[in-house]
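1. coords below, sequence missing:
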Ligand code: MN
Ligand code: MN
């Protein structure tokens, strides 16, 4: 199964990482890559909001990576793959899969800013005995020297919120301020943890957190982003076992379509 509209070649490469080895509460994100592809069939290739069509974009779907259960090994395997492609569009998996993608990109784009949509800060130094837990992913990315712009974070430890306040490379912004905030950035990577959204819109996730954002607002902001150079993005933490109606997978599929068209969709039709 391929994402709707995927061709056999293109610089933009969709791939899945069916991994949830460090998930602490409710696993299931390993089923997301195929689940999101399945629901992409319910999408049109045309986006009325952007007046662009996936049929005129060169992008491919490389399928899923077979990764090890050990987080240290998984990180190496995903990084090796991303080293060999140009523009990664990843379907997780839990959030730990983002670290190797960013570590690979950082070698090509020194001045890299990560826009992190999430309910959780993901800034723990270690969790459940590993530094590669999904609860630590942004801490690891921070150590690479990336700037982090967090949107929607509403859960974490006191220490994590202290770090957000004090660390010179992290800031927390209101989604409404994101377009203005990204004006000056050189290279941007987006990581969308689906639990950024309110559980009313995206119940199918391992660690839902009330009082999140709405899809309508998210897409409005996405459409209004300045023309920064986006070097890739991911959507993570979709958990099909907790998504019986499919709305969460459908939202993830739509995010992927709209982001591909917004960032690399060329001229409007
Ligand atoms: Mn996360
Ligand atoms: Mn989260």
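-> Thanks, I have the structure now. Since this is a predicted model, take the numbers as computed values, not measurements. Ligands and ions are numbered 1, 2, ... in the order given.

2. dump the residue contacts of residue 23.
-> 29, 94, 134, 206 (C-beta atoms under 8 Å, 6 or more residues apart in numbering). The C-beta positions use only the backbone N, C-alpha and C, and glycine is treated the same way.

3. buried residues in the helix or strand hosting residue 78?
-> Assigned by DSSP states H and E, residue 78 falls within helix 71-83. Within helix 71-83, the residues that count as buried by 16 or more other C-beta atoms under 10 Å are 71, 74, 75, 77, 78, 79, 81, 82.

4. cool, stretch 4-24 as well?
-> Within stretch 4-24, the residues scored as buried using 16+ other C-beta under 10 Å are 4-6, 10, 12-23.

5. So which of those residues sits lowest on pLDDT?
-> Within the buried residues of stretch 4-24, residue 23 has the lowest pLDDT, namely 82.

6. what does the stretch 101-250 of the chain put close to ligand 2?
-> By C-beta under 5 Å from the ion, the residues of the stretch 101-250 of the chain that approach ligand 2 are 118, 119, 120, 193, 195.

7. Distance of the last one relative to ligand 1?
-> So the one you mean is residue 195. 7 Å (C-beta to the ion, to the nearest Å).

8. Let me see the contact set for that residue.
-> 118, 119, 120, 202, 205, 206, 207, 208, 209, 212, 237.

9. Highest neighbour count among these?
-> residue 237 (32 neighbours; other C-beta atoms under 10 Å).

10. ok, that residue to residue 200 distance?
-> Using C-beta to C-beta, to the nearest Å, we find residue 237 at a distance of 16 Å from residue 200.

11. Which residues of the stretch 151-269 of the chain lie near ligand 1?
-> For the stretch 151-269 of the chain, the residues in contact with ligand 1 (C-beta under 5 Å from the ion) are residue 193.

12. 8 Å instead, please
-> 191, 193, 195, 236, 237 (C-beta under 8 Å from the ion).

13. Got the phi and psi for the residue of the stretch 151-269 of the chain found nearest ligand 1?
-> Relative to ligand 1, the nearest point of the stretch 151-269 of the chain is residue 193 (3.6 Å; C-beta to the ion). Main-chain torsions, residue 193, degrees, to the nearest 10: phi -80, psi 120.

14. Which strand residues bridge it?
-> Applying DSSP bridges to residue 193 yields these beta-bridge partners: residue 236.
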